[in-house]
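Colleague: next input, structure requested:
(one chain, ligands or ions: 1)
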Amino acid sequence: MFTCKDSIHSLLEYVDGELSEAQAAELREHLRACPPCVDFLQSYKATPKLARRALVDEMPRELAGKLKAFLRTKLPSK
Ligand SMILES: [Zn+2]
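Modeller: Alright, predicted model coming up:
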């Protein structure tokens with residue numbers, strides 16, 4: 001299964017054009033169903049190359065928060 005964690009590693013290679021076609025297809029499939037990862041891809045692309053390492057180091061917590069917020073809107077709360 002292709003998880004968000006996998007997608008983050010793939011995203012970095014995808015932006016750098018280092019992803020194989022099969023991996024890119026898997027990533028695009030994941031992005032269709034996962035707005036938080038799309039957000040991350042967009043901020044990553046908008047980040048200057050030198051600052052990207054810091055962004056990736058910080059990302060997991062931020063993405064986890066976004067994911068939680070996203071899932072809260074999708075899942076019925078009881
Ligand atoms: Zn995701």
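
Colleague: in what helix or strand does R53 lie?
Modeller: Here R53, judged by DSSP states H and E, is contained in helix 49-74.

Colleague: average pLDDT across that helix?
Modeller: Average pLDDT, helix 49-74: 71.

Colleague: near the ion, which residues of this protein? Just list them.
Modeller: 4, 7, 34, 37 (CB under 5 Å from the ion). Where C-beta positions appear, they are placed from N, C-alpha and C, glycine not excepted.

Colleague: same thing but 8 Å
Modeller: 3-4, 7-8, 30-31, 33-34, 36-37, 40, 63, 67 (CB under 8 Å from the ion).

Colleague: out of those, which end up buried?
Modeller: 4, 7-8, 30-31, 34, 36-37, 40, 63, 67 (16 or more other CB atoms under 10 Å).

Colleague: looking at those, which are in helices?
Modeller: 4, 7-8, 30-31, 36-37, 40, 63, 67 (DSSP state H).

Colleague: tabulate the residues you listed (JSON lines), appending distance to T47.
Modeller: Converted to JSON lines, these look like this (distance: CB to CB, whole Å):
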{"residue": "C4", "distance to T47": "18"}
{"residue": "S7", "distance to T47": "17"}
{"residue": "I8", "distance to T47": "14"}
{"residue": "H30", "distance to T47": "20"}
{"residue": "L31", "distance to T47": "18"}
{"residue": "P36", "distance to T47": "16"}
{"residue": "C37", "distance to T47": "15"}
{"residue": "F40", "distance to T47": "10"}
{"residue": "L63", "distance to T47": "14"}
{"residue": "L67", "distance to T47": "20"}
